[in-house]
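Asker: Can you look at this prediction? I've put the sequence above it.
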Amino acid sequence: MRTLLEQQYAALSDWLDEVDVSAHLAEPVGLGDWTVRDLIAHLGLGIGLSRFVTTAPEGAEPLGFGAYVAAYPPHADQIAADTRAMRDTYGADVIGGFRRTAAEAFAALDATPGAVLQARRGPIARDDYLLTRLTELVVHADDLARTLGRDDAPLLPAAVDAVAGALATAYPGEPPDVGLTWIRLATGRVASDDPALPLL
């Protein structure tokens, strides 16, 4: 999972230059009042939280992936505030800031031992935590591509499969779709009358 996370990050990072995303930073992304600049800052926040994980205490009962991501909506205001703070910290070079933060995050993950990590929302198995970070990259890479009207979203098939599978485990029943379509449903990018959706 660690390798896949970095591969998906690299695909997104390269794509930001290939499509000159820096020329579109003021465009709205359809997530409240966020712009492309805000979304890239949020990507930095998401991967950057890995800088602060520690080895969980002995005997800590890890949260499952579903329980961990279910904690996001109640903290939406704090996440938005942290995103604004990250945007302001990055200043004009939001893409460079995202890349620097990611490099620090991968170094921190590699320096933190243990099968269970103590993360922002509680203890979580290492691979499940990495899946939460991969989910951030996949969901928001898709957001960026749709915002810019691109059909070449920087999404690795293995990353899409991993995230879709993880979200399926958090859904009470058989998911109504698969792949990227399911990810969009599960994250509220596509409207649904299913009371169990969105999952985060």
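Answerer: Yep, it's here.
Asker: alpha carbons only for contacts and neighbour counts from here, please
Answerer: OK.
Asker: So which other helices or strands are in contact with the host helix or strand of G44?
Answerer: For G44, the element it lies in under DSSP states H and E is helix 36-48. Using 3 or more Cα pairs under 8 Å, 6 or more residues apart in numbering; DSSP states H and E, the elements in contact with helix 36-48 are helix 76-90, helix 94-111, helix 126-147.
Asker: Figure out how far that helix is from the centre of its chain.
Answerer: Computed by Cα atoms, centre = their mean, to the nearest Å, the chain-centroid distance of helix 36-48 equals 9 Å.
Asker: how close does F98 get to V190?
Answerer: 27 Å (Cα to Cα, to the nearest Å).
Asker: my bad, G97
Answerer: Counting by Cα to Cα - G97 and V190 are separated by 30 Å.
Asker: quick one: secondary structure of L197?
Answerer: With DSSP: H, G, I helix; E, B strand; the rest coil as the basis, L197 sits in coil.
Asker: Name the nearest residue to it, sequence neighbours excluded.
Answerer: The spatial neighbour of L197 that comes closest, neighbours along the chain excluded (Cα to Cα, 6 or more residues apart in numbering), is A186 at 5.9 Å.
Asker: Tell me how many other residues surround that neighbour.
Answerer: By other Cα atoms under 10 Å, the residues close to A186 number 25.
Asker: Thought P198 was touching it, still the case?
Answerer: Yes. Using Cα atoms under 8 Å, A186 is in contact with P198, at 4.8 Å.
Asker: Now for the closest residue to T54 other than its chain neighbours: which residues touch it?
Answerer: Take T54 and drop its neighbours on the chain: the residue closest to it by Cα to Cα, 6+ apart is Q118, 5.1 Å away. Q118 makes contact with V53, T54, T55, A56, P57, I124, according to Cα atoms under 8 Å, 6 or more residues apart in numbering.
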